[in-house]
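Asks: got a predicted model here, sequence first, then my questions.
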Amino acid sequence: MLRKVITALMLAILVLGVMSCAKKEPAKITIATDATWPPMEMVDTTKNIVGFDIDLMNAAAKAGGFAVEFKNTAWDGIFAGLENGKYDAVMSSVTITDERKNTMDFSLPYINAGQILVVKTETEGVTKLDDLKGKTVGAQIGTTGAFEIDKVKSADKITEKTYDEIGLAFADLANGRIAGVVCDNPTAAQYALQNDTYKGKLKIVGDRFTQEFYGVAVKKGNAKVLDVINAGLRKVLDSGANKAIEDKWLK
């Protein structure tokens with residue numbers, strides 16, 4: 001009799017364990033993004049975070065079987081927050097660089113976006129940074145656009161002006177307070193070609209002068225989160241599902 005009772009209890013425990021596994025929620029990854037960088041990440045009229053990065057990660061989460069939550073976070077300090085564990089990852093048009101690899105780990109690259117120059121429509125004879133000698137050029141602080149200006153500002157006598165948000169740089173450009181803006185190509189397309197405020201007032205000049213890849217940043221050594229993100233991203237990229245997202249936001 002005792003044996004039957006023990007057997008029944010063990011069976012009940014096994015069933016409960018199976019049910020518990022069946023009801024287990026997917027892993028949830030919290031991602032910080034500076035939603036001031038259209039069309040990659042921005043806040044829409046209903047105060048939702050939208051954009052290319054958001055759609056791509058949501059697709060990766062669906063493909064990879066995990067949940068994702070985005071936190072709108074100012075760029076200044078976004079990587080410090082990652083280091084301090086305020087969130088699991090940063091996906092915010094983050095260019096993979098050797099310097100950044102020293103302090104954080106990156107997902108597989110998900111898009112190639114190079115730096116390019118934007119000027120006012122009436123500007124003539126400018127196709128590259130050194131054509132703006134004696135002028136002021138803007139970029140968002142801490143971005144690869146700012147790094148590119150740093151490389152030439154002394155030799156070419158260019159004054160650099162940095163901004164907390166890239167939109168402020170474009171406002172200054174449109175109002176004639178600076179002569180150019182350096183930013184990622186998708187952002188340049190958004191402001192110069194798609195934004196109703198600046199359409200016809202600004203233009204992209206020259207070719208992309210860098211080849212850069214965006215990746216999702218995680219805290220150094222956090223292989224657990226990185227593996228989950230990579231598994232989802234790889235499925236999206238291998239299937240070609242990212243092309244529809246590019247057409248939606250970058251064309």
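Replies: Yep, that arrived.
Asks: lowest-scoring secondary structure element of the chain by mean pLDDT?
Replies: helix 2-22 (a mean of 50; mean pLDDT, DSSP states H and E).
Asks: OK, contacts around residue 104?
Replies: Counting by Cβ atoms under 8 Å, 6 or more residues apart in numbering, residue 104 makes contact with 79, 82, 83, 217, 218, 219, 220. C-betas here are computed from N, CA, C, even on glycine.
Asks: which one is residue 250 nearest to, not counting chain neighbours?
Replies: Spatial nearest neighbour of residue 250, excluding adjacent residues (Cβ to Cβ, 6 or more residues apart in numbering): residue 186 at 5.3 Å.
Asks: Three-state assignment for that neighbour, please.
Replies: helix (DSSP: H, G, I helix; E, B strand; the rest coil).
Asks: how far away is it from residue 109?
Replies: For residue 186, the distance to residue 109 (Cβ to Cβ, to the nearest Å) stands at 14 Å.
Asks: again, but for residue 219
Replies: Counting by Cβ to Cβ - residue 219 and residue 109 are separated by 19 Å.
Asks: who has more neighbours, those two?
Replies: Set residue 219 next to residue 109 and count neighbours by other Cβ atoms under 10 Å: residue 219 wins out with 19 against 16.
Asks: let me know the pLDDT of that one.
Replies: Note on residue 219: pLDDT of 98.
Asks: not counting its neighbours along the chain, what's nearest it?
Replies: residue 82 (5.7 Å).
Asks: which strand or helix spans that neighbour?
Replies: helix 78-83 (DSSP states H and E).
Asks: what's the first helix or strand after that helix?
Replies: Per DSSP H and E, the first helix or strand lying C-terminal to helix 78-83 is strand 89-90.
Asks: now whatever helix or strand comes next after that following strand, how far from the centre of its chain.
Replies: Next in sequence after strand 89-90, counting helices and strands by DSSP H and E, comes helix 98-101. Centroid separation between helix 98-101 and its chain, computed with Cα atoms, centre = their mean, to the nearest Å, is 16 Å.
Asks: got it, and stretch 173-187?
Replies: The answer for stretch 173-187 is 19 Å, by Cα atoms, centre = their mean.
Asks: next: stretch 223-231.
Replies: Per Cα atoms, centre = their mean, the centroid offset for stretch 223-231 relative to its chain is 17 Å.
Asks: what ranges do the strands span in the stretch 101-250 of the chain?
Replies: 104-106, 111-112, 115-120, 136-140, 159-163, 180-184, 202-205, 213-214, 217-219 (DSSP state E, counting those that start in this stretch).
Asks: show me what the second one pairs with in its sheet, parallel or antiparallel.
Replies: Meaning strand 111-112. Sheet pairing of strand 111-112 (DSSP bridges) gives strand 213-214 (antiparallel).
Asks: show me how far the strand it pairs with is from its chain's centre.
Replies: 8 Å.
Asks: what's in contact with that strand?
Replies: In contact with strand 213-214 (Cβ under 8 Å, 6+ apart) are residues 53, 93, 94, 95, 96, 109, 110, 111, 112, 113.
Asks: now the fifth one, nearest residue through space, not along the chain?
Replies: Using Cβ to Cβ, 6+ apart and skipping the chain neighbours, the partner closest in space to residue 96 is residue 215 (4.4 Å).
Asks: domain parsing of this structure, as residue ranges.
Replies: The chain breaks down into these domains under automatic domain parsing: 25-112+213-250, 115-205.
Asks: so how far is the last one from its chain's centroid?
Replies: This means domain 115-205. Distance, centroid of domain 115-205 to centroid of chain: 19 Å (Cα atoms, centre = their mean).
Asks: ends of that domain, what's the gap?
Replies: 11 Å (Cα to Cα, to the nearest Å).
Asks: ok, stretch 157-172 next?
Replies: 20 Å.
Asks: any buried residues in it, and which?
Replies: Under the neighbour-count criterion of 16 or more other Cβ atoms under 10 Å, stretch 157-172 has 158, 160, 161, 162, 163, 165, 166, 167, 169, 170, 171, 172 buried.
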